[in-house]
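> got a predicted model here, sequence first, then my questions.
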Amino acid sequence: MVTSIPTLREGAITIRPIRLRDARALERELLDNRGWLRKWEATSPHGPMNFDTRASIRSLQANARAGLGLPFVIEVDGELAGQLNVSSITYGSLGSASIGYWVSERFAGRGATPTAVALATDYCFFRTGLHRMEICIRPENEASLRVVEKLGFRYEGLRRRYIHINGDWRDHFCFALVVEELPTGVLRRWLDGRVPVSNAVIPSADRAAALSGIRLGSSS
């Protein structure tokens, strides 16, 4: 079980433990990027969620102390750019976790997200002993779909009405990697240009099913 959260770097990109003193900067980025981020944000099916950044950080830190998560801030050239959270950590016979993230619009296209995901996944595989990492993405989120394509996460299927996002239960595409696929790590494979291009391919039937779900949701 992880007892501390590391700081990890590759070039201009750093992921480090989230801190309470990050609250003001994170809140500013979240408010400035409402239009960019709102449609991808988790919401509660039971009503509006409080926008309390300090409380959110405390919750993430408590989860980390319990060994269930790794909450990171993403930085680009030392400037706060977003968040990455490794969640649902399970050790033992399952040995798995999930990754979620967001990056401010002004940092999009600078490699921050795939680098951060690769750093976190490699740490979980080679330092904490986890076996499987999963990322679930809304079918409309083309930017995140490009991240898993770049890093070679394998497509594993369509999950119907999987997570409550932006006010409703939304379908998600599921992608994953297991450590045996990556003897040199996610980051090194990507930087060396050895990512299997077919890994993240989504079957046309699943794309059609997801599209029908989007249309259904937009008409309700």
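That came through fine. Numbers count the residues shown, from 1 in each chain.
> surely residue 83 is within a strand?
Yes. Assigned with DSSP: H, G, I helix; E, B strand; the rest coil, residue 83 falls within a strand.
> so it sits against residue 75, correct?
No. Assessed by Cβ atoms under 8 Å, residue 83 is found out of contact with residue 75, at 10.6 Å. (Each C-beta comes from the backbone N, C-alpha and C, glycine too.)
> neighbour count for these two, which is higher?
residue 83 (23 against 20; other Cβ atoms under 10 Å).
> run through the bridge partners of the more buried one.
residue 73, residue 102 (DSSP bridges).
> who's in contact with it?
Neighbour list for residue 83: 18, 26, 71, 72, 73, 74, 101, 102 [criterion: Cβ atoms under 8 Å, 6 or more residues apart in numbering].
> neighbour-wise, which one of the residues you listed leads?
Greatest neighbour count in these, by other Cβ under 10 Å, goes to residue 72: 28 neighbours.
> per-residue confidence for that residue?
Among the per-residue scores, residue 72 shows a pLDDT of 98.
> check the offset of the helix or strand that contains residue 99 from the chain's centre.
Counting by DSSP states H and E, the element that carries residue 99 is strand 96-103. Centre-to-centre, strand 96-103 and its host chain are 3 Å apart (Cα atoms, centre = their mean, to the nearest Å).
> about what we covered before: with distance to residue 186 as added columns, please give the contacts of residue 83 in TSV.
What follows is the contacts of residue 83, written out as TSV (distance: Cβ to Cβ, whole Å):
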residue	distance to residue 186
18	22
26	26
71	19
72	15
73	20
74	16
101	14
102	19
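> looking at those residues, which one is closest to residue 191?
Minimum distance to residue 191 across the contacts of residue 83 is 17.8 Å, recorded for residue 74 (Cβ to Cβ).
> what's near enough to touch that closest one?
By Cβ under 8 Å, 6+ apart, the neighbours of residue 74 are 13-15, 80-84, 101, 103, 112-113, 116.
> this protein: helices as residue ranges?
Here the chain has its helices, by DSSP state H, at 23-32, 34-37, 53-65, 112-126, 142-151, 186-191, 204-219.
> just those: most buried one?
helix 112-126 (a mean of 23; mean count of other Cβ atoms under 10 Å).
> can you redo the helices of the chain as CSV, where the extra columns are distance to residue 133 and mean pLDDT?
Formatted as CSV, the helices of the chain follow (distance: least, Cβ to Cβ, whole Å; pLDDT from 0 to 100):
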stretch, distance to residue 133, mean pLDDT
helix 23-32, 24, 93
helix 34-37, 23, 79
helix 53-65, 17, 95
helix 112-126, 5, 98
helix 142-151, 10, 95
helix 186-191, 8, 97
helix 204-219, 21, 74
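> relative to residue 172, which of those is closest?
Among the helices of the chain, helix 204-219 sits nearest to residue 172 (Cβ to Cβ), with 8.7 Å.
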